[in-house]
Every structure is written in C-alpha cells, then in structure tokens.
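Q: Below is the sequence, then the predicted model.
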Amino acid sequence: MIKILHLSDIHLGSGFAHGRINPATGLNTRFEDFVSTLARCIDRAIAEPVDLVLFGGDAFPDATPPPVVQEAFAGQFRRLVDAEIPTVLLVGNHDQHSQGAGGASLCIYRTLGVPGFVVGDRLQRHDIETRNGPIQVITLPWLTRSTLLTRPETEGMSLVEVNQLLIDRLRIAMEGEIRRLNPEIPTVLLAHLMTETARFGAERFLAVGKGFTVPMGLLTRPCFDYVALGHVHRHQILSENPFVVYPGSIERVDFSEESEEKGFVLVEVEPGKTRLEFCPLPVRPFCTLRVDVSEADDPQAALLKAIAHEPIQDTVVRLIYQIRSEQMDQIDSAALHQVLESAHTYTIHAELVSQLARPRLPELGTGTCITPMDALKAYLDNAPQLQDIAQEMQDAAQALLRLETQTSLADLEREEQGRVKQAIVEAETSQLRLL
Ligand SMILES: [Mn+2]
C-alpha cells in the first residue's frame, strides 16, 4: 500500500486585497495565511508519513512570483526533501509562462536537481521509488492549443473544431503513455485540467462555454488506480471507479469560494483497491453581508442590526447594501467602520436603487418555477419593441433547446467510448510520439 498526499491550487501570493500589512513582519496577512495553510499540509505529509506528495498545479498566481513568495513555497516543499518524501510538482495554467516554454516557476526544481522532486511540465510517465515500493505517475500539465497543434493545422477551424482536434491528439498521446505502463505497479494520473462534469457551487456546470474541457472517459480508464486533478478550486469527487478527484484550493482565493470547504486529500493506493480521505483545513472565513435597506425607515439601524447578526471576528467581510439616494444622509460611515473593526479586513459597497427602475416581471421572480420557453414568452409579452420578431425568437429558442437535448452528456459519453477505441487503433498503427 502506498500513501499519497494530494494537494492542489496553492496560488501562493494571491488574494492580497483581502489582507492587510502585518506590522510585525511587513508581510500581507493573506500571504501569511496561505503559507501557514501550506505548512499544515506539509506537516501532515511528514507526520503520517506519506510515501508520495502530489501537487496538482497552480503554485502561484503567475509564472514570475516575487522572490519572497518563491522562497516561502520552496521553504515548505524543502521540508519534504529533508523528510525524503518524493514529490511531483505539476504545472498548471498559472505556472506557465505566456512567452516561451511552460513551467517557468516550477522548472527550477528540476534544474537544481532537488532530490526526489519531479516536475510535470509535459505529458510523461515517471517511475517513482517510494518507501513502500514503486509507483508510476503520468503527468499531464495544463494543455494549450500550441502544445499539440500547429497553426496551419487549425487554420479556418472553429473553436469547437480546434478543441475536438486537441482532444483527439491528447487521446492518442495518452494512449502512448498508457501502453508504456507496467500493469504490476500502482499507477496515478496527475493532471491539471477542466473536466466536462466539474461543478461549481450548487450543481452549476463550471465548464459550460469555457472552451477546452476533457471528457471523463479519457480519465476513468481502468489502468489508473487514482486520478489526481488540479484546476477547479471546489473539492469534488468526479468518479469512484477509479477515484477522480479535485482536492480544491487549500485557501480561499476570493469571495467566489466563500462557502467552500478547503483541504487536501489523503489516498491509499493498492492495485484494485484505493481508499480516500478528504482532510479539511481550518482556513480564514469569508463573509458577504447583503442587506437591502432601501425600504427601511432607519437604514443605519437596519445595517447595524445585520452586521451584529454575523460573527465577523477575524473574518474577511464585504458589506453590500442597497439604498435609495435620498437615504444616503442617514448613513453614518464612521459608525459602520467602527462596528466592522473586529473583522480581519472589510469592504463596504453601497448600491443605489433607482426609483425609476422598471419593476421586475413578477412572473419571472425568484420562487416561481417556470420552463425556459414560458420564461421567454413572459419576457416577450412585456417587450413591445420585440413584437414583430417574437414568433421567430420563440422558434429559434425551441430549436436551441432541441439541440441541447440531443447533445446531452449521455450521448457525449457514448461518443467518447467510440473515440477511445479509435485512439487505441491509431496508437497501434502509428506508435506516435506527440509530446
Ligand atoms: Mn488552474
């Protein structure tokens, strides 16, 4: 059995806007938060101890972090070198240099020959010797179109066609690596990518309209004992056979992650038997206070009451309130700042509500359940300027909805299986080395 700690999306050096300068150190407090959270992950790796650490990519917000950020990252990972724990650092989209070859911020670990460290900046199989035996790791860094395609090949193609060609190339290249695997040894795929089915918040598909996404069928191959992903900041398990897992980011990078639990994953890999444990990290809370005081007789009192209602101690707070312009005189900013003082940091945003604003259509309000076609009809009924094309718009919407049903995920899955077979055939006949 090989024990792995899988973490991802550290983004060390980001989110400074949510911190303040610590007078004792001169450093941004959010930077200190990120470093101490990373230290907790490394603490756990050493305390277990694990046999291998996998980092899923996006070490920093960009490929050229300032020395103080680089040094903090290196200082933590150095502890794994001292503890003789092999480590794979995968290159994410934020780590790639926009000019020239990718992986600028992480390739230094290979250049320096750091013992036990592997940098995954290309699709490649690595043999890694751990305390509990050998393991194979296929690294798949963030793919850009230029990685697998040349400009003449894609001339005149639509974005959808280019993405499809990219997936076809990736499938063949992956097949090449898979064929080199030793079936006797546990195998992990470590990849930085967006899957078709990654979700964000409440069941909303993250990938819709975002371009390049990888079909699940490419990842859920039986040759993998574990598929360690990076890129999506919300922890999620996409498949259980094999386990395909985003551990998520280790800290909240911005307010979009306000309600997400943060952590890393401990994995025990044995051929045909993988166990998984999500380990939450005690990270700094974020809190959005949204208050509509535009109908309040005493808007200041309403705001103070809303703030008093939330535990904001040591929290990153944003107060967003709606107010009418003639109420503005009733707001005492100094008093607001005073009650928000106990927050770690805070911002205040006043949104002016115009009295002239057209009232929203009641039939489209929240709390009513309505089909997309009925919603469109309600909108058109209230838009006299669109009357002459209303019927055409409804016909077009019908056609779009039909299209959507046809390309449902189930169909994509069937298509995918066909393509995997095709890729196997292609790999057999050509033995292509693409990367
Ligand atoms: Mn990423």
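A: Thanks, I have it.

Q: Which positions in the stretch 101-250 of the chain make contact with the ion?
A: H231 (Cβ under 5 Å from the ion). For glycine as for every other residue, the C-beta is placed from the backbone atoms N, C-alpha and C.

Q: For the stretch 101-250 of the chain, which residue gets nearest to the ion?
A: Closest approach between the stretch 101-250 of the chain and the ion, counting by Cβ to the ion: H231, at 3.9 Å.

Q: the helices in the stretch 201-350 of the chain, which residues?
A: 299-308, 333-340 (DSSP state H, counting those that start in this stretch).

Q: rewinding a little: hang on, isn't the residue of the stretch 101-250 of the chain closest to the ion packed against P247?
A: No - H231 is beyond contact range of P247, at 10.8 Å (criterion: Cβ atoms under 8 Å).

Q: Among the two, which residue is more densely surrounded?
A: P247 (30 against 24; other Cβ atoms under 10 Å).

Q: Return the backbone torsion pair for the more buried one.
A: phi -70, psi -20 (degrees, to the nearest 10).

Q: Tell me the pLDDT of it.
A: Looking at P247, its pLDDT reads 97.

Q: which residues touch the residue nearest to it when sequence neighbours are not counted?
A: In this structure, P247 finds its nearest non-sequential neighbour in V265, 4.5 Å apart by Cβ to Cβ, 6 or more residues apart in numbering. Shown in contact with V265 (Cβ atoms under 8 Å, 6 or more residues apart in numbering): 5-7, 228, 235, 245, 247, 276-279.

Q: mind redoing it with 10 Å?
A: Applying Cβ atoms under 10 Å, 6 or more residues apart in numbering, we find V265 in contact with 4-8, 54, 56, 226, 228, 235, 237, 243, 245-248, 276-279.

Q: of these, buried ones?
A: By neighbour count, with 16 or more other Cβ atoms under 10 Å, these hold 4-8, 54, 56, 226, 228, 235, 243, 245-248, 276 as buried.

Q: G156 sits in which helix or strand?
A: G156 is part of no helix or strand when elements are defined by DSSP states H and E.

Q: that older thread, can you pull the pLDDT of the residue of the stretch 101-250 of the chain closest to the ion?
A: 92.

Q: right, and it touches L143 too?
A: No - with contacts defined as Cβ atoms under 10 Å, H231 does not count as touching L143, sitting 11.0 Å away.

Q: intersection of neighbour lists for those two?
A: 93, 191-193.

Q: Return the member of these nearest to L336.
A: The shortest approach to L336 among the shared contacts of H231 and L143 belongs to N93, at 38.8 Å (Cβ to Cβ).

Q: I figured the closest one was touching T147, is that so?
A: No - under the contact definition of Cβ under 10 Å, N93 does not touch T147, with a separation of 11.7 Å.

Q: now for the helices of the stretch 201-350 of the chain, which one comes closest to the ion?
A: helix 333-340 (32.6 Å).

Q: list the helices and strands the closest one packs on?
A: Contacts defined by 3 or more Cβ pairs under 10 Å, 6 or more residues apart in numbering; DSSP states H and E place helix 333-340 against helix 299-308, strand 316-323, strand 345-352.

Q: Point out the most buried one among those.
A: Among these, ranked by average contacts under mean count of other Cβ atoms under 10 Å, first place goes to strand 316-323 (a mean of 20).

Q: For the nearest residue to the residue of the stretch 101-250 of the chain closest to the ion once chain neighbours are set aside, give me the pLDDT.
A: Residue nearest to H231 in three dimensions, not counting chain neighbours: H192, with 5.1 Å by Cβ to Cβ, 6+ apart. Note for H192: predicted pLDDT of 94.

Q: count of neighbours near H192?
A: Neighbour tally, H192, other Cβ under 10 Å: 28.

Q: For it, give me phi and psi.
A: Main-chain dihedrals, H192, degrees, to the nearest 10: phi -110, psi 100.

Q: Now do the contacts for it.
A: 8-9, 55-58, 90-96, 120, 139-143, 228-232.

Q: Mind checking which of those residues are in strands?
A: Among the contacts of H192, the members found in strands (DSSP state E) are 55, 90, 120, 139-140, 228-230.

Q: Those residues: which two are farthest apart?
A: Maximum pairwise distance in the ones in strands among the contacts of H192, criterion Cβ to Cβ, is 13.5 Å, between F55 and L140.

Q: Touching both of those two, which residues are there?
A: Both F55 and L140 are contacted by 90-91, 120, 190, 192, under the criterion Cβ under 10 Å, 6+ apart.

Q: Could you verify my assumption that F55 touches T87?
A: Yes - F55 lies in contact with T87 (Cβ under 10 Å); the separation is 6.9 Å.

Q: coming back round to it: using CSV, please lay out the helices of the stretch 201-350 of the chain together with mean pLDDT and distance to R78.
A: As requested, the helices of the stretch 201-350 of the chain are exported to CSV (pLDDT from 0 to 100; distance: least, Cβ to Cβ, whole Å):
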stretch, mean pLDDT, distance to R78
helix 299-308, 93, 43
helix 333-340, 93, 39
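
Q: looking at the ones you listed, which is closest to F31?
A: Evaluated over these, closeness to F31 peaks at helix 333-340, with 22.2 Å, by Cβ to Cβ.

Q: If we go by neighbour counts, what in that closest one is buried?
A: So helix 333-340, judged by 16+ other Cβ under 10 Å, has buried residues 336, 340.

Q: tell me the angle of it relative to helix 299-308?
A: Orientation check (axes from the mean of the first three to the mean of the last three Cα atoms, to 10 degrees): helix 333-340 against helix 299-308 gives 10 degrees.

Q: List the contacts of E153.
A: E153 neighbours (Cβ under 10 Å, 6+ apart): 145, 162, 165, 169.

Q: Try it again at 8 Å.
A: L165.

Q: Assumed it was part of a helix.
A: Yes - judged by DSSP: H, G, I helix; E, B strand; the rest coil, E153 forms part of a helix.

Q: ok, back up a step: how about the helices of the stretch 201-350 of the chain in JSON lines, adding distance to V293?
A: Output for those, formatted as JSON lines (distance: least, Cβ to Cβ, whole Å):
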{"stretch": "helix 299-308", "distance to V293": "4"}
{"stretch": "helix 333-340", "distance to V293": "12"}
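
Q: Cool, thanks, signing off.
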